[in-house]
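Asker: With the sequence up front, the predicted model follows.
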Amino acid sequence: MKAPANLAEKLATFTDRFSPRTVATYNDNDIMVAKLEGPFHWHKHEDTDDFFLVLSGTLDIELRDRTVTLNPGEIFVVPKGVEHRPVAHGEVHILLIEPTGTPNSGDKATAAPRILV
């Protein structure tokens, strides 16, 4: 990186929902920000855990046996292979860390393209 990345400024550059934007990479991992609103679909990641850090808003991570509610400043990691569904109450801003190339939908055919901001 040549300069620090301001997450609020990066989030202000797009309006798409459930379409993560890569703000930095390290050790073959993408650090991404995303805007969420409403429910995403049920999915799982067979090869990696799914890391969520809420920057603003309230996000539910629905699991088949319970729901985890995240508020700003809170993180949750969904273990690999566990089916889950993020549900955003209003507009939610999140930070994600995943191995580069991990499809956000759990399926490369339906995943949002990786975009660098």
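Answerer: Cool, got the structure.

Asker: which stretch of helix or strand covers the spatially most central residue of the chain?
Answerer: The centroid of the chain falls nearest to L96 when counting by Cα atoms, centre = their mean (4.3 Å). Here L96 sits within strand 84-99, counting by DSSP states H and E.

Asker: Sheet partners, orientation included, of whichever helix or strand comes after that strand?
Answerer: Moving toward the C-terminus from strand 84-99, the next helix or strand (DSSP H and E) is strand 115-116. Take DSSP bridges as the rule and strand 115-116 pairs in its sheet with strand 21-26 (parallel).

Asker: what about the strand it pairs with, distance to the chain center?
Answerer: Centroid separation for strand 21-26 versus its chain: 12 Å, with Cα atoms, centre = their mean, to the nearest Å.

Asker: which residues are contacting it?
Answerer: Residues outside strand 21-26 that contact it (Cβ atoms under 8 Å, 6 or more residues apart in numbering): 1, 5, 7, 10, 13-14, 30-34, 100, 114-117. The way it works is simple: take the backbone N, C-alpha and C, and place the C-beta from them, glycine included.

Asker: just checking, what packs against whatever helix or strand comes next after that strand?
Answerer: Sequence order places strand 29-39 as the next helix or strand after strand 21-26, per DSSP H and E. Counting by 3 or more Cβ pairs under 8 Å, 6 or more residues apart in numbering; DSSP states H and E, the packing neighbours recorded for strand 29-39 are helix 7-11, strand 21-26, strand 50-63, strand 84-99.

Asker: Nearest to G38 among those would be which one?
Answerer: strand 84-99 (6.1 Å; Cβ to Cβ).

Asker: list the buried ones in that closest one?
Answerer: H84, R85, P86, V87, A88, V92, H93, I94, L95, L96, I97, E98 (16 or more other Cβ atoms under 10 Å).
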